[in-house]
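Q: take this sequence and fold it.
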Amino acid sequence: MGGTKRMSAEEKRKTILNIYHKTKQVYTEKEIIALATKAGVNQGTIADVNQTLVDDGLVDKEKIGGSNYFWSFPGKKDRMMQLQHTKNLSSIEELKKKISEAEAQLADAKRGREDEDGERAKKLAKLAELENAKKSALEELEKLKENDPQAMADLEKELQLCKEAANRWTDNIFSCKSYLVKKRGMDKKEANRLLSITDAFDCKFFLTFSFGFLLFPNTFF
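A: Residues are numbered from 1 along each chain as shown. Reported below is the predicted structural model:
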């Protein structure tokens with residue numbers, strides 16, 4: 001048996017089915033196992049392969065008493081193929097019907113949406129034109145907000161706060177300079193260097209602070 005060809009599952013099915021068709025006999029499981037073994041099918045797989053033929057309707061099975069009997073005639077396979085063919089044709093017709101219904105629904109959905117004389121294109125162009133006009137109007141509105149009286153009043157108020165803050169910081173720095181010069185005996189130039197200021201600090205600091213606030217207000221408050 002060492003030279004026996006190794007069969008695939010499909011080859012085993014064909015071999016066992018061929019035994020039924022050639023002999024046209026009814027067999028017990030033990031008998032079909034014996035015949036299939038002689039035909040070269042691995043004995044340990046015959047029962048399972050035979051059962052797959054039963055499950056697929058290619059082999060008939062009937063239990064009589066305590067034994068199971070199996071049989072299959074050549075005409076059975078032809079009949080099953082004929083039934084499958086009929087079933088396939090029925091499925092094709094059903095699919096054709098569904099396709100026809102879907103096409104009709106699509107036609108209904110499109111009805112009334114036809115683009116007569118390019119109306120759709122004209123409307124889309126008009127929509128784009130209105131969108132551009134809206135964008136321009138919003139940009140103009142943003143520019144006008146810069147000259148809004150309330151905005152100007154708010155800016156003046158913030159500028160006043162800026163001026164007060166600048167004066168407050170200037171006074172604080174001069175107080176520090178006065179302390180260093182009068183209490184600690186430090187030279188004025190040395191005190192300026194330590195505080196990172198110059199003799200022109202008073203006016204220069206206020207202008208720098210004010211312009212800085214106008215350009216970057218969130219940095220100061």
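Q: helices along the chain, start to end?
A: All helices of the chain, identified by DSSP state H, fall at 9-23, 29-38, 43-55, 74-110, 119-145, 149-178, 188-195, 201-215.
Q: just put the ones you listed in TSV and tack on distance to K63 and mean neighbour count.
A: For glycine as for every other residue, the C-beta is placed from the backbone atoms N, C-alpha and C. Compiled in TSV, the helices of the chain are given as follows (distance: least, C-beta to C-beta, whole Å; neighbours: other C-beta atoms under 10 Å):
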stretch	distance to K63	mean neighbour count
helix 9-23	18	16
helix 29-38	11	16
helix 43-55	12	15
helix 74-110	19	10
helix 119-145	73	10
helix 149-178	98	13
helix 188-195	111	13
helix 201-215	99	14
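Q: out of those, which gets the lowest mean score?
A: In terms of mean pLDDT, the lowest-scoring of these is helix 201-215 (a mean of 51).
Q: residues near S72, how many?
A: Residues within reach of S72, counting by other C-beta atoms under 10 Å, total 24.
Q: got the contact list for the residue nearest to it when sequence neighbours are not counted?
A: Leaving aside its sequence neighbours, S72 sits nearest to Y20 (C-beta to C-beta, 6 or more residues apart in numbering; 3.8 Å). Shown in contact with Y20 (C-beta atoms under 8 Å, 6 or more residues apart in numbering): Y27, V59, F70, W71, S72, F73.
Q: and Y20, how far from T170?
A: Distance, Y20 to T170, by C-beta to C-beta, to the nearest Å: 113 Å.
Q: tell me how far S8 lies from L144.
A: For S8 relative to L144 (C-beta to C-beta), the value is 85 Å.
Q: also Y27?
A: Applying C-beta to C-beta to Y27 and L144 gives a distance of 100 Å.
Q: cool, H21 as well?
A: For H21, the distance to L144 - C-beta to C-beta - is 96 Å.
Q: what residue spans form the domains of this structure?
A: 9-76, 149-219 (automatic domain parsing).
Q: got a markdown table for the helices of the chain, with distance to I64 too?
A: Output for these, formatted as a markdown table (distance: least, C-beta to C-beta, whole Å):
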| stretch | distance to I64 |
| --- | --- |
| helix 9-23 | 17 |
| helix 29-38 | 12 |
| helix 43-55 | 15 |
| helix 74-110 | 19 |
| helix 119-145 | 77 |
| helix 149-178 | 103 |
| helix 188-195 | 117 |
| helix 201-215 | 105 |
